[in-house]
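Got a sequence here, can you build the structure:
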Amino acid sequence: MPPRRTRPVVNRSLAALIEQAGWTHAATAQHVNAVAAESGERLHYDRSAVGHWLTGTVPRPEAVHAAVEAFRRRLNRPELSPRHLGWPDAAVPPPADDPWDGDPVARLATVGEDDLLNRRTVLTAGTFTLAALSGLATGRGAPQTRGRPSWAGAAPNALDRASRAGAGDVVRVRAATAAFADLDDQYGGGHARAAVAAYLAREVTPLLRRASGRGRPDLFTAAAELSYLAAYMAMDAGANALAQRYYISTVRLADEAGDLLLRATALRSMAVQAAELGHDGEALALADAAASALGGHGPRRTLAWITGMRAEAHAAAGTRWDALNLLHRTETQLERADSPPETEWLGNYRRESLEHQIGLTLTQLGDHATAARHFTASMAARRPVELRTRVLIGLRAAHAHLRAGDPEQAAVTALGLSDDVRLIASARVHDELRRLRAAWQRYRASPLVAEADTAVSGSDLTT
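Predicted coordinates for the structure are as follows:
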């Protein structure tokens, strides 16, 4: 029951939407905070804040945008704007254009510049939105017929032909991408993101405008690979709205190149993002779209990588037997893989990757003790360059031990990570750490848990 009110309700539009949503004031605040957190905003509203909104207070722009998105999702009304909540539309910048339309190269350049300049109003206006994912369902995200796109403009003149991008540019872009990927693996997505954004926006997109002839698809694929890495780094750094825009750019560039494998790769990682943000239905749809992009063809290692994500998504959706059957299929596909994983840094699916996927799937199914064993096996097999991944999975192992009723093993696991976690610039890692520390507070009477909590407390910072 809402608290007894001493000031009259002024914002009746907001009151009506809260009633339609079936939310209490506290639940409204929680949903707004959760949407904001998806884009790296840390809001701490409570029911009293919602009470102030109802009596006429207009929250700050990032909260307005988060509230609009929260009600859009709850009520399935994508047309909602601030004015429907009783707030002026000028309270937030206008929503971005449909990311599936227009010049994909121009959109990629804009995303890179927004990332590089860190223009707060642009980034908060680009809240992670489920509406953007509808592009896949409506066909806007479907591969297009190859050929010269309408946005490419007139044929290049003699000067353009003399400076057009070639095979050497493809080699250089891929070398840079591999170097950035190593940094991401070791230190997390929060490290060197500005360098990636600058290189993408100011070096790579001009090359795409000069691409033509037989080398054009290779250059677009190379750019899509870098956009994919930028998306993953943004997601790891907690900038989920930005990551979503990069992922959509990756899909569109892959379509321009006619690269179904890269399209599937991007959709699979979009499914990971949706799953981590708690959007189970969207995660399943994206994982299925990744599988559909390949139609059962392609490297078995990549097929296994996608099938494993489908298993996790089915587990989150509550279809237990489908999840377990897909896990079995994943293992079979990986066992039959005929290419060494080192051949591709995209979709580099190994046995330790499968162990992690099994752990995530079993966590969704509530089998935390078995999940902890698989997480531990995955963590132990990680290579030195995969420091960020090792720490992330290790914290998930610790949390699984805790959920399984073994707080001391959780503490031992966390203690083994306490030095490495300080090196990692990753919002995902630090969010996992925060959740672990919150969960074991009731076990602080244990000397081992207290020691572990003290050891990792200095690392509990969002980067």
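
Show me how the chain divides into domains.
According to automatic domain parsing, the chain comprises the domains 12-82, 101-143+164-258, 359-463.

any chance of these in CSV, plus mean neighbour count, distance to Gly298 and mean pLDDT?
From N, CA and C alone the C-beta is placed, and that goes for glycine too. Below are the domains of the chain laid out as CSV (neighbours: other CB atoms under 10 Å; distance: least, CB to CB, whole Å; pLDDT from 0 to 100):
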stretch, mean neighbour count, distance to Gly298, mean pLDDT
domain 12-82, 18, 31, 88
domain 101-143+164-258, 21, 13, 85
domain 359-463, 20, 22, 92
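
Figure out which of those is closest to Asp280.
Ranking the domains of the chain by proximity to Asp280 (CB to CB) places domain 359-463 first, at 8.7 Å.

Need the domains of the chain in CSV (columns: distance to Ala266).
Converted to CSV, those look like this (distance: least, CB to CB, whole Å):
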stretch, distance to Ala266
domain 12-82, 19
domain 101-143+164-258, 4
domain 359-463, 18
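
Out of those domains, which gets nearest to Arg350?
Of all the domains of the chain, domain 359-463 sits nearest to Arg350, with 7.7 Å by CB to CB.

Figure out how far that closest one is from the centre of its chain.
On the basis of CA atoms, centre = their mean, to the nearest Å, domain 359-463 sits 20 Å off its chain's mean C-alpha point.

for stretch 180-197, same thing?
When distances are taken as CA atoms, centre = their mean, stretch 180-197 is centred 15 Å away from the chain's centroid.

returning to what we had before: of the domains of the chain, which is nearest Ala337?
Checking the domains of the chain against Ala337 by CB to CB gives domain 359-463 as the closest, at 16.2 Å.

which residue sits closest to Val10, ignoring its sequence neighbours?
Leaving aside its chain neighbours, Val10 sits nearest to Gly56 (4.1 Å; criterion: CB to CB, 6 or more residues apart in numbering).

Could you look up the SS state of the one you found?
coil (DSSP: H, G, I helix; E, B strand; the rest coil).

That one reaches Val9, doesn't it?
No: when contacts are counted by CB atoms under 8 Å, Gly56 is not listed as touching Val9 (9.0 Å).

Check the spacing between Gln364 and Gln333 real quick.
Applying CB to CB, to the nearest Å, one obtains 20 Å for the distance of Gln364 from Gln333.

ah, wrong one, I meant Thr205
Distance, Thr205 to Gln333, by CB to CB: 36 Å.

can you check Ala179 too?
30 Å.

Show the contacting residues for Ala337.
Neighbour list for Ala337: 299-301, 304, 349 [criterion: CB atoms under 8 Å, 6 or more residues apart in numbering].

and Thr265, what element?
helix 260-276 (DSSP states H and E).

elements contacting that helix?
Where contact means 3 or more CB pairs under 8 Å, 6 or more residues apart in numbering; DSSP states H and E, helix 260-276 is packed against helix 130-137, helix 216-236, helix 240-257, helix 280-294, helix 300-317.

one more time with 6 Å, if that's ok
Applying 3 or more CB pairs under 6 Å, 6 or more residues apart in numbering; DSSP states H and E, one finds that helix 260-276 makes contact with helix 216-236, helix 240-257, helix 280-294, helix 300-317.

and the angle from the second one to helix 260-276?
Between helix 240-257 and helix 260-276, the angle formed by their directions is 160 degrees, by axes from the mean of the first three to the mean of the last three CA atoms, to 10 degrees.

swap in the last one?
For the pair helix 300-317 and helix 260-276, the angle between their directions (the same axes, to 10 degrees) equals 30 degrees.

Find the nearest non-adjacent residue to the most centrally placed residue in the chain, please.
Centroid-nearest residue in the chain: Gln273, 3.2 Å away (criterion: CA atoms, centre = their mean). Leaving aside its chain neighbours, Gln273 sits nearest to Met235 (5.3 Å; criterion: CB to CB, 6+ apart).

Can you give me the distance of Ala230 to Val204?
The span separating Ala230 from Val204 equals 10 Å under the rule CB to CB.

With Leu277 instead?
Using CB to CB, Leu277 is found at 28 Å from Val204.

Neighbours of the nearest residue to Leu260 once chain neighbours are set aside, how many?
Residue nearest to Leu260 in three dimensions, not counting chain neighbours: Ala293, with 5.3 Å by CB to CB, 6+ apart. Number of residues near Ala293 (other CB atoms under 10 Å) recorded here: 25.

I'd like the distance between Ala293 and Ala377.
Using CB to CB, one gets 30 Å for the distance from Ala293 to Ala377.

ok, now Gly405?
Distance from Gly405 to Ala377, by CB to CB: 20 Å.

cool, and Glu451?
Taking CB to CB as the measure, Glu451 falls 25 Å from Ala377.

Do I have it right that Leu417 meets Gly394?
Yes: Leu417 lies in contact with Gly394 (CB atoms under 6 Å); the separation is 4.7 Å.

Leu183 reaches Gly190, doesn't it?
No: at 10.7 Å, Leu183 and Gly190 do not qualify as touching, with contact defined as CB under 6 Å.

got the residue ranges for the helices in the stretch 101-250 of the chain?
For the stretch 101-250 of the chain, applying DSSP state H, counting those that start in this stretch gives helices covering 104-117, 120-125, 130-137, 158-162, 167-187, 193-199, 205-209, 216-236, 240-257.

Quick one: the ones you listed as a markdown table, columns for distance to Arg320 too.
Compiled in a markdown table, the helices of the stretch 101-250 of the chain are given as follows (distance: least, CB to CB, whole Å):
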| stretch | distance to Arg320 |
| --- | --- |
| helix 104-117 | 38 |
| helix 120-125 | 38 |
| helix 130-137 | 25 |
| helix 158-162 | 57 |
| helix 167-187 | 33 |
| helix 193-199 | 38 |
| helix 205-209 | 45 |
| helix 216-236 | 28 |
| helix 240-257 | 28 |
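
With respect to Val50, which of those helices lies nearest?
Of the helices of the stretch 101-250 of the chain, the one closest to Val50 (CB to CB) turns out to be helix 120-125, at 19.8 Å.

Got phi/psi on Phe128?
phi -50, psi 120 (degrees, to the nearest 10).

For it, give me its contacts.
For Phe128, the contacting residues are 38-39, 240-241, 244, by CB atoms under 6 Å, 6 or more residues apart in numbering.

show me where the stretch 351-463 of the chain has helices.
Under DSSP H, counting those that start in this stretch, the stretch 351-463 of the chain gives helices at 351-365, 368-380, 387-403, 407-415, 427-439, 447-457.

what's the fourth one packed up against?
Pointing back at helix 407-415 there. Counting contacts by 3+ CB pairs under 6 Å, 6+ apart, helix 407-415 packs against helix 387-403, helix 447-457.

separation between Arg174 and Gly168?
To Gly168, Arg174 is 11 Å away according to CB to CB.

Equivalent analysis for Asp218, please.
The gap separating Asp218 from Gly168 is 11 Å, by CB to CB.
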